[in-house]
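>>> Curious how this folds, go ahead:
(one chain, ligands or ions: 1)
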Amino acid sequence: MAATVLVADDDRLQRNYLSAVLSSAGFTIEACEGGAAALDRLTRRDSRIDICLLDLNMPDLDGFGVLERMHAAGIDMPVIVLTADGSVKRAVDAMRAGAVDFLVKPVGPERLEVSIRNALEMSNLTSEVQRLTRQESDRLGFDDLIAASTAIRESIALARRGASTDIPVLISGESGTGKEVFARAMHGAGPRSGQPFVAVNCGALPGDMVESILFGHEKGAFAGATERRPGKFQEASGGTLFLDEVGELPMPAQVKLLRAIQTGEIDPVGATGSFRVDIRLISTTNRDLRAMVAKGTFREDLYYRLSVFPLTLPPLRERRADISGLAEMFLARYRGAAQVRLQGFSQAAIEAMRRADWPGNVRQLENVIHRAVVLADGPLIRPEHLVGLDSTSTEVTEKAHVNGNGNGHRMHTPEIGVDILQRPDGHTRTLAEIEAEVIRRALGQYRGRMAEVARRLGIGRSTLYRKLDDYDIRKPGA
Ligand SMILES: Nc1ncnc2c1ncn2[C@@H]1O[C@H](COP(=O)(O)OP(=O)(O)OP(=O)(O)O)[C@@H](O)[C@H]1O
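Numbering: from 1, shown residues only. Modelled structure (predicted):
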């Protein structure tokens, strides 16, 4: 998706020049004649501006004034300033006021494009780091979610209302729709923000350990209980207990969970008394819990206790407007420092993603982008790098493939039919197997040119040779 640049300059010729250069570099441009108009544009609720190019000398409100007011209004966006005066003092002042770069007019097209791309890159990485940091400190909020579609915005509006209380929430939705990230955002937006968010995957609890994991145990309570252990309820005290896939809980644990919710107390295995716990409960399910209640495999009373505030997340195919934003976010997450040359997606790739059905929802999109980052061999992710989309999108892939270079020749692509992340039996490959496979492909792709292979893999040549030995990969020509 093309980034949108706001160009603010009172000089019409400059505005036209900057707009022309940036449009031909693939950006979307919005231009305005002065500082006040720029500020007005930036503070509009529907603002889609990604970066601002600001002239420092404007008669109504100068660049410093705009930067100051942006700061006061909490608008956090990369700003590059332009000035005819190249004094060091002015540059320092601009950076102090919050600009990320300083350009002296007349500025050449290349310098301009590189400056904008670097600033966007930094900003993407910074927001991804901030998002992950908030997630780590249990403060992830709704503003960290990608929400372009009406469907997801409605879910967020509902979730915000539920976030401010301790009401038990049940989030339903297909696998990978974002149930956990919603639960984290509800926790982060509520009064328990910053307190523990303790996740329990109910589908992965070993049958005989469910109770001790949830409620804890005393020393000697059973063979192997060599010391006293607090359970997840106690760990979550003061915060939120997140019961993922709650429909998978076995019946005996359902009974104990119900009791804990009803009384606000837990009985650790082997303990003589009960403990009071103060937790908020958020549960998720991708199964039809009502149908399970009807079949007698899930307790009805527990179902009503858990689902006081029900929330259903729509599948990705019903909110396609979110796809490109999510794809950009995952690109920033997985690109890393070694892939800074990877700039974005080709138009055909975006179309392929928009058409796909995404049965695995956002998680599938995340995996597809992760692989594409490994497979991409140029500045853009193209349809042929999007391994694992359904048939509708493959049609787009084929068309784009043949038309891509305009002369009908097939471009070189890695062997995309083989999923390098999975063995033929469907199990995940080990990291060593994946690394060896990536090296083999790079050797083929760069025809054994070791310096190029090492550079593309982001490692030194001696490391590459060591890995060839470790994985017993034959050097080309050896
Ligand atoms: N709206 C969103 N904005 C940003 N990231 C999202 C959004 N929705 C989902 N994600 C990301 O997609 C991935 C899958 O989401 P999540 O784990 O929350 O899904 P889930 O429904 O809990 O999956 P499962 O059913 O498999 O447990 C995660 O990396 C999550 O951060």
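
>>> Average pLDDT for stretch 154-172, rounded please.
For stretch 154-172, mean pLDDT is 93.

>>> which outside residues touch that stretch?
142, 145, 147, 179, 182-183, 185-187, 189-191, 246, 261, 280-286, 289, 305-314 (C-beta atoms under 8 Å, 6 or more residues apart in numbering). Just so you know, the C-beta spots here come from the backbone N, C-alpha and C atoms, and that holds for glycine as well.

>>> Stretch 356-374 too?
Applying C-beta under 8 Å, 6+ apart, the contact partners of stretch 356-374 are 173-178, 315-317, 323, 326-327, 330-331, 334-335, 339, 342, 349, 353, 381, 385-390, 392-393, 420-421, 438.

>>> change it to 7 Å
Identification of contacts with stretch 356-374 by C-beta atoms under 7 Å, 6 or more residues apart in numbering yields 174-178, 315-317, 323, 326-327, 330-331, 334-335, 339, 342, 381, 385-390, 392-393, 421, 438.

>>> so which of the residues you listed also contact the ligand?
Taking C-beta under 6 Å from any ligand atom as the test, the ligand is in contact with Ser175, Gly176, Thr177, Gly178 out of the contacts of stretch 356-374.

>>> any chance of these in CSV, plus neighbour count?
Below are those laid out as CSV (neighbours: other C-beta atoms under 10 Å):
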residue, neighbour count
Ser175, 14
Gly176, 21
Thr177, 27
Gly178, 24
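
>>> just these now: which is nearest the ligand?
Comparing those against the ligand with C-beta to the nearest ligand atom places Gly178 closest, at 2.7 Å.

>>> tally of neighbours for the residue nearest to that closest one when sequence neighbours are not counted?
For Gly178, ignoring the flanking residues on the chain, the nearest one in space by C-beta to C-beta, 6 or more residues apart in numbering is Val362 at 5.3 Å. Val362 has 25 neighbouring residues, counting by other C-beta atoms under 10 Å.

>>> Bridged to Leu103, which residues?
Assessed by DSSP bridges, Leu103 has beta-bridge partners Leu82.

>>> close enough to count as contact, it and Val114?
No. Applying C-beta atoms under 7 Å, one finds Leu103 not in contact with Val114, separated by 10.4 Å.

>>> out of these two, which sits in the more crowded spot?
More crowded of Leu103 and Val114, by other C-beta under 10 Å: Leu103, with 21 against 13.

>>> check contacts around the more buried one.
For Leu103, counting by C-beta under 7 Å, 6+ apart, the contacting residues are Ile80, Leu82, Arg111, Leu112, Ser115.

>>> Counting neighbours, which of these comes out on top?
Neighbour counts for the contacts of Leu103 peak at Leu82, which has 27 neighbours (criterion: other C-beta under 10 Å).

>>> Identify the spatial nearest neighbour of Ala332, chain neighbours not counted.
Leaving out its chain neighbours, the residue that sits closest to Ala332 by C-beta to C-beta, 6+ apart is Asn124, at 4.0 Å.

>>> Can you pull the residues of this structure lying near the ligand?
When proximity is defined by C-beta under 6 Å from any ligand atom, the chain lies next to the ligand at 145-147, 152, 173, 175-181, 244, 286, 329, 362-363, 366.

>>> ok, how many other residues are close to whatever residue of the stretch 201-350 of the chain ends up closest to the ligand?
The nearest approach of the stretch 201-350 of the chain to the ligand comes at Asn286, 5.1 Å away (C-beta to the nearest ligand atom). Number of residues near Asn286 (other C-beta under 10 Å) recorded here: 18.

>>> Enumerate every residue touching the residue nearest to it when sequence neighbours are not counted.
Distances taken as C-beta to C-beta, 6+ apart put Ser175 closest to Asn286, at 4.9 Å, once the chain neighbours are dropped. Contacts for Ser175 (C-beta under 7 Å, 6+ apart) come out as Asn286, Gly360, Asn361.

>>> Name the nearest residue to Gly388, ignoring sequence neighbours.
Computed as C-beta to C-beta, 6+ apart, the closest residue to Gly388 that is not its neighbour in sequence is Val368, at 5.3 Å.

>>> for the closest residue to Ala99 other than its chain neighbours, what are its contacts?
Nearest residue to Ala99, sequence neighbours excluded (C-beta to C-beta, 6+ apart): Val81, at 4.5 Å. Neighbouring residues of Val81 by C-beta under 7 Å, 6+ apart: Leu54, Leu56, Gly63, Ala94, Ala99, Phe102.

>>> related to what we said a few turns ago, give me the subset of the contacts of Ser175 that lies in helices.
Counting by DSSP state H, the part of these found in helices is Asn361.

>>> Among the contacts of Ser175, which one sits closest to Thr43?
Asn361 (34.1 Å; C-beta to C-beta).

>>> For the stretch 151-300 of the chain, which segments count as helices?
Per DSSP state H, counting those that start in this stretch, the stretch 151-300 of the chain carries helices over the ranges 179-189, 210-215, 232-235, 251-263, 289-295, 300-306.

>>> ok, residues contacting the fourth one?
So that's helix 251-263. Val210, Glu211, Leu214, Phe215, Phe233, Leu249, Ile266, Leu281, Arg299, Asp301, Leu302, Arg305.

>>> Report the next helix or strand after the least confident helix or strand in the chain by mean pLDDT in sequence order.
Within the chain, no helix or strand scores below helix 391-403, which has a mean of 35 by mean pLDDT, DSSP states H and E. The element immediately downstream of helix 391-403 (helix or strand, assigned by DSSP states H and E) is helix 431-445.

>>> Arg41: helix or strand, and which one exactly?
Assigned by DSSP H and E, Arg41 falls within helix 35-43.

>>> For the helix ranked longest in the chain, name the packing helices and strands.
If you go by DSSP H, the chain has its longest helix at helix 109-136. The contact analysis (3 or more C-beta pairs under 7 Å, 6 or more residues apart in numbering; DSSP states H and E) places helix 109-136 against strand 51-55, strand 79-83, strand 101-104, helix 323-335.
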